[in-house]
Structure formats: structure tokens, C-alpha cells
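Chemist: Need coordinates for the following:
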Amino acid sequence: MKKFAAFMFFMLLLAGCGTAEQAKQGEQTDQVQTDQVQTEDGTFVGQADTHTIEVKINNEPVSLNIAGDYEGDIDKFTDGQKVRVTYKKTENGQLELKKIESEK
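Modeler: Model prediction:
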């Protein structure tokens, strides 16, 4: 009985170590994904409010936040206009607009 109890304790100890390592790997994967900047072609839908625009990418509406340091002119784009957007996924999962330009 003592051997069985010692064996179970040892197995629980090993299981806990593996979980911590897997959690670290998951955090690193999330970190890499949020730091990537993506560029997509789409259709400008419009400005939702003073700090959000909507663009249809692959026939799916995507909301992009306009960060405080963004220097572009959103007002020059019209609804239905083909555009190319560059954005980044932030740590909290929001998409932050980096650049928008007319598709050529």
C-alpha cells in the first residue's frame, strides 16, 4: 500500500511539472501571434465611430481600432472602396490599424 501511495504521489508530481512547461509554451505562442503585422486587401465599409473603422476582408466584416498615434486620413475613403489595410493584433485581441491605402 505504501508503494502504491508513493507511486501516485510521484505521478502527480510529474504531471504538474509537464503542465507548467506546456503553459509556458502556450504563452510564447500567443506572444508571437500578437506581435505579427498583417496586410490584407478588402472593401472599406465605413467608420463605426471616431476610433473604429470596418473593412470587409474575405467577405467578413472586420473592425479595426484607430490608435492614438495613427496619422492617416480616414475621411478620404468612401463606402465600397477597395483598400489595402495593415494591422496588428494587440495583447488583448483587438486589431489595431497601422495603415490604410487605396488598392491599386
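Chemist: Might you report the residue contacts of R84?
Modeler: 39-42, 100-103 (Cβ atoms under 8 Å, 6 or more residues apart in numbering). The C-beta positions use only the backbone N, C-alpha and C, and glycine is treated the same way.
Chemist: ok, so of these, who is nearest G68?
Modeler: I100 (16.0 Å; Cβ to Cβ).
Chemist: Bridging across strands, which residues link to the closest residue to the closest one other than its chain neighbours?
Modeler: Leaving out its chain neighbours, the residue that sits closest to I100 by Cβ to Cβ, 6 or more residues apart in numbering is V85, at 5.0 Å. With DSSP bridges as the criterion, V85 is bridged to E40, I100.
Chemist: Find the centremost residue of this structure, please.
Modeler: With distances taken as Cα atoms, centre = their mean, the residue of the chain nearest its centroid is K89 (3.1 Å).
Chemist: strands paired with the strand or helix carrying I53, and their directions?
Modeler: Following DSSP states H and E, one finds I53 within strand 52-57. Here strand 52-57 has these sheet partners by DSSP bridges: strand 37-49 (antiparallel), strand 60-66 (antiparallel).
Chemist: State the mean pLDDT of the first one.
Modeler: When pLDDT is averaged along strand 37-49, the result is 94.
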